[in-house]
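# Sharing a model that was predicted from the sequence below.
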Amino acid sequence: MAKLVVFLAMCMLPAIASAHFAGSPFLVQGRVYCDTCRCGYETSASKYLAGVAVKIECRNKDKITYRIEGVTDSTGSYNILVHGDRGDDVCDAMLVKSSDPECGTPNRGRDRARVILTRNNGMTSDTRFANAMGFLKNEPLASCPQILQKYQEAED
């Protein structure tokens, strides 16, 4: 009888644990910036944008399997809850629309960030961090040559 109870406990514990994790959503966090020097990356002159529309989109081959949108807060940060394990889907955080007409061109290569939204990879946290995404300012700031010079000096 004791062996039966131990056997049942061994069979039920993984099912209970996986049921708990399957129900909790993932939290995708990231930031959106304005590249004020149009150099293709964040600098000390970059500013973070509030009110930017961001979406999480998951695909399996050519079919969209999940999509949800969010908006950045006053610090340029977004927190989007994604329900369900996306398994083998390829998921990206993507820029949708800038809130700043002077900084509205998505920076190609920095307009999306891959996020892994499955629990079958060894990560224990439900929080996923997306790389920062950015828009390019229409005209670079006048101080950009001096700012970029600092970055070149650091490389020498």
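That came in fine, so what should we check first?
# from here on, contacts and neighbour counts on C-alpha atoms
Noted.
# Angles on the backbone of K150, please.
Note on K150: its backbone torsions stand at phi -60, psi -40 [degrees, to the nearest 10].
# How many neighbouring residues does it have?
By other Cα atoms under 10 Å, the residues close to K150 number 11.
# Then G51?
Neighbourhood size, G51 [other Cα under 10 Å]: 19.
# How about G122?
Neighbour count of G122, defined by other Cα under 10 Å: 7.
# which ones are touching the nearest residue to T72 once chain neighbours are set aside?
For T72, ignoring the flanking residues on the chain, the nearest one in space by Cα to Cα, 6 or more residues apart in numbering is Y78 at 4.5 Å. With contact set as Cα atoms under 8 Å, 6 or more residues apart in numbering, Y78 has these partners: 28-31, 54, 70-72.
# Just the pLDDT for N120.
Among the per-residue scores, N120 holds a pLDDT of 89.
# list the contacts for it?
Contacts of N120 by Cα under 8 Å, 6+ apart are G87.
# Ramachandran coordinates for the spatially most central residue of the chain?
For the chain, the residue nearest the mean C-alpha position is A130 (2.8 Å; Cα atoms, centre = their mean). Note on A130: its backbone torsions stand at phi -90, psi 150 [degrees, to the nearest 10].
# Over to L148?
Phi and psi for L148, reported as degrees, to the nearest 10, are phi -70, psi -30.
# count of residues packed around it?
With neighbours defined by other Cα under 10 Å, the count for L148 comes to 15.
# and it, what pLDDT?
Reported pLDDT for L148: 90.
# Please renumber the chain so that the first residue is 34 from this point on.
OK, 34 is where the count begins now, so the last one is L181.
# how close does it sit to V65?
For L181, the distance to V65 equals 20 Å [Cα to Cα, to the nearest Å].
# thinking G120 is in contact with L150, fair?
Yes: taking contacts as Cα atoms under 8 Å, G120 lies within contact range of L150: 7.0 Å.
# Let me see the backbone angles for the residue lying closest to N93 once chain neighbours are set aside.
Using Cα to Cα, 6+ apart and skipping the chain neighbours, the partner closest in space to N93 is D122 (4.8 Å). Dihedral pair for D122: phi -70, psi 150, per degrees, to the nearest 10.
# what residues are up against D122?
Contact analysis of D122 by Cα under 8 Å, 6+ apart lists 91-94, 98.
# Could you give the secondary structure assignment for the residue nearest to T105?
Look at Y111: counting by DSSP: H, G, I helix; E, B strand; the rest coil, its state is strand.
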